[in-house]
Each structure stands twice: as structure tokens, then as C-alpha cells.
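J.: what's the 3D shape of this:
(2 chains)
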Amino acid sequence: MTFSIAGLTLSGPSRPFMLSLTAALLMASACQPASPPAPDVQIADVWARPSRPMMGQSHMADSTAAPVSTSAVYLTLTNAGGIADTLIGANTDVANAVEIHKSLMEDGVMRMRQVQSVEIPAGGSAELKPGGLHIMLIGLRRDLAVGDQFGVILQLAQGGDRPVDVVVRQPE
Amino acid sequence: MKRLHILIGLVVALGTILILMILFVTGSRPPALHGTFLEPPLEAADFELTSANGRISKSSYEGRIVVLFFGYTFCPDVCPTTMSRLRRTMEILGTTAEEVQVIMVSVDPERDTPENVSSYARAFNGNFVGLTGTQDEIDRVAADYGIFHAKAEGSTNTGYLVDHTASVMVLDRNGDTRLIWSFEITAEEMADDLRYLVKNT
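T.: Coordinates of the predicted model:
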């Protein structure tokens, strides 16, 4: 068939062919499955308390002091995805056991309780920080001196295992 | 004329008294302290507990400002946060820190031996003192300072945990409680308060 636009005359494929082609293209795009919403968790600022506080940091510290048997790991989890994810645990070689704990203040009394998981809402974040949520390392197998690094594998319900490097530091 | 002189005299006298009263009141009120200021100070009993170097009594620190914190060495989060802030406070104070004694009393005498708690405290600052005692002794001292402490169930990994008042008590040079700091207080704020106490009490 021929058709004219603005004085220009074009010859092209037949109308039925054009209609079929358009229909086919439309159907093809409709059959593409839309991707399901997924979590997208980024992990930042992972640090732990030293087991020999102040070693090498201050002339006032007593470097012969015995290391303590517990430590806390803190971090920030940010979820840019469309659905929530959950931190359900962690593993490390530097301690015998790892649990997620929450420090909470009730009427001036500080309590610490184990929690099974920490939700990271869609488009939101979860912060593990001093005085609140933390990953507790129980029965340390080695000293954690300021500046040391060690590995921890975080376990996310949706996102799976996420290995991270933890830096030991003295925050205050 | 005499009446006028008397009148003027009275006005001047009253005015002077008023000014003195204002000065007295504003002069004795402490500047904005960050902790809860106790006026009058709360008398608190002497105590004797055990450090790695043997028995120590609170009265042996008379003459210095005492910072008293009740915690335990197994605690991974709250206690190290407070102790670390106290370490930072002493750094900020510089030479003024010589007039201050930080003491940590364990609320977990079952697990905290004198060696444990002493070395825990000293690891933050070699001048910090860590004390423990028998359960009875600890219970009595904690009660004297209004400090709640109780065992709480943990897991098989942790064993028991200890719930405790996280406030820090600041004692004046006579050993009486003058200031109470809550957990959120920062090192700068503690240094401010201590500078005031060192200078004015």
C-alpha cells in the first residue's frame, strides 16, 4: 500500500502484515515476566570492640591486663530492595559462639536479651550500635587488639551468607 | 529631716540585703550540670571490697572525687561503653584527672574474681580500680547506692546475664553521693561535671 505524509509518498509493506507485526510485538512484551521484588542489603561500617581495650592506644592503659572473653560487633544494614530481609545469625572463627543481642533500658535498669533476628525493612535500614542491638561474640579464641581485622559471615534469611571484614576499634 | 534619713537608711539596707540574697542564691546554684545534682549530698556508707591488691575501703579515697560504676566483665556492650567513655573523660580532664578516682564494682561476684575485675578496669586506664567481693558484700554495697542488680537467664552459650542499673554515681570528697549520671551521658559532659566538682567542692 502507499501512504502519504506531508506531501511525501511512501511505499511499504501491506496493512495486514503491519497489523500482524504490531500484534506480535505487543504480545511478546506482555509475555515478559516482571521481576519479583527482592531485598538488596548493603552492609557498612562493621567494627568490634577490642578484647584488650586500649592496647597500644594510650600510655595510661595497662597492657598486661588479661583479655575479656566477650566482644560485640556493630554494623549498619541498608536495604534498597523492594521487600524486607532479616539478619538471622552470624558465624566467625574468632569465637566459640555468636548470638544477636539487644541491650535495653527499662526504668534505669540495663538488660541484655538474645534476639533471634533483626528485620531490615524494604527501603530502610537496621543499625547495630552501642547500647542497642549488637552481635555478641562469646568465648573469644584470640585477642582482639585495636586495628586487628577478622572475618564474620552474616546470615540473611533472603540474601544468604554474606562474609564481611570486621575492624577492631575503640570508638569513644 | 530625721525621718527622711531613716527612710533612706532603710531603703539602702533593704536594697543591700536584696542584692546579697540574689548573689548568694545565684552563686551557690551550680551551673548547668549534665548529671542529676543532689543537694544536699546523699550520705552513703563506707564499704570495703576486694581488689587484686587486697581489701580496699571507699574511705581510702577520701579527699578525691570518686566515680562509682557497677558492672560486670562478661558484659560485651553496655559496660565497655561506659568504661571507655570514662577513659575518654580522664583524657579530656588532663591533670585534673588526678583528683578523680574511677571505681568499678562488679555485680557478678560469682564470675568476676579480684584479678578479672581489676585487670578489666586497668585495661581502660591503669589508674582505674576494679572491685568485687562476696555476694552479700556486693548486695549490700549496691543497695547502699540504690543500684538494682539481678541475674537473668541467658543461653547455654552465655550462661546467666546480669541486669543492672547503668547509672554512674559521683561522690564528693567526703564519699557522699553528689551527682548521678545516666547511661547516655558523653565523655565531654562528664568532664564538664567533674571539672565543676573538683573546683567547687
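
J.: how about the helices in the chain?
T.: Assuming you mean chain A. A:15-31 (DSSP state H).

J.: wrong one, chain B
T.: Counting by DSSP H, the helices of chain B are B:2-28, B:78-93, B:114-124, B:135-144, B:187-200.

J.: Check which helices and strands the fourth one sits against.
T.: When contacts are defined as 3 or more Cβ pairs under 8 Å, 6 or more residues apart in numbering or on different chains; DSSP states H and E, helix B:135-144 packs onto strand B:48-51, strand B:100-106. (C-beta placed from N, C-alpha, C; glycine too.)

J.: want to throw the helices of chain B into a markdown table with mean neighbour count and mean pLDDT?
T.: Formatted as a markdown table, the helices of chain B follow (neighbours: other Cβ atoms under 10 Å in any protein chain shown; pLDDT from 0 to 100):
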| stretch | mean neighbour count | mean pLDDT |
| --- | --- | --- |
| helix B:2-28 | 9 | 73 |
| helix B:78-93 | 23 | 96 |
| helix B:114-124 | 24 | 92 |
| helix B:135-144 | 16 | 97 |
| helix B:187-200 | 18 | 95 |
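
J.: Show me where chain A has its strands.
T.: For chain A, the strands defined by DSSP state E occupy A:2-5, A:8-11, A:41-48, A:70-79, A:85-92, A:95-106, A:109-115, A:118-120, A:125-128, A:133-140, A:149-156, A:160-168.

J.: Let me have the ones you listed in CSV, extended by distance to residue B:175 and mean pLDDT.
T.: Listed next are the strands of chain A as CSV, based on distance: least, Cβ to Cβ, whole Å; pLDDT from 0 to 100:
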stretch, distance to residue B:175, mean pLDDT
strand A:2-5, 99, 54
strand A:8-11, 102, 52
strand A:41-48, 37, 96
strand A:70-79, 32, 97
strand A:85-92, 44, 97
strand A:95-106, 28, 95
strand A:109-115, 25, 96
strand A:118-120, 44, 97
strand A:125-128, 39, 97
strand A:133-140, 35, 95
strand A:149-156, 44, 97
strand A:160-168, 38, 97
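
J.: so can I have CSV of these showing mean neighbour count and distance to residue B:12?
T.: Supplementary listing: those in CSV, determined by neighbours: other Cβ atoms under 10 Å in any protein chain shown; distance: least, Cβ to Cβ, whole Å:
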stretch, mean neighbour count, distance to residue B:12
strand A:2-5, 8, 105
strand A:8-11, 8, 108
strand A:41-48, 17, 67
strand A:70-79, 22, 65
strand A:85-92, 20, 75
strand A:95-106, 18, 56
strand A:109-115, 17, 57
strand A:118-120, 19, 71
strand A:125-128, 18, 64
strand A:133-140, 22, 66
strand A:149-156, 18, 75
strand A:160-168, 15, 70
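
J.: could those go into JSON lines alongside distance to residue B:185?
T.: Converted to JSON lines, the strands of chain A look like this (distance: least, Cβ to Cβ, whole Å):
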{"stretch": "strand A:2-5", "distance to residue B:185": "78"}
{"stretch": "strand A:8-11", "distance to residue B:185": "81"}
{"stretch": "strand A:41-48", "distance to residue B:185": "22"}
{"stretch": "strand A:70-79", "distance to residue B:185": "20"}
{"stretch": "strand A:85-92", "distance to residue B:185": "30"}
{"stretch": "strand A:95-106", "distance to residue B:185": "13"}
{"stretch": "strand A:109-115", "distance to residue B:185": "14"}
{"stretch": "strand A:118-120", "distance to residue B:185": "27"}
{"stretch": "strand A:125-128", "distance to residue B:185": "21"}
{"stretch": "strand A:133-140", "distance to residue B:185": "20"}
{"stretch": "strand A:149-156", "distance to residue B:185": "31"}
{"stretch": "strand A:160-168", "distance to residue B:185": "25"}
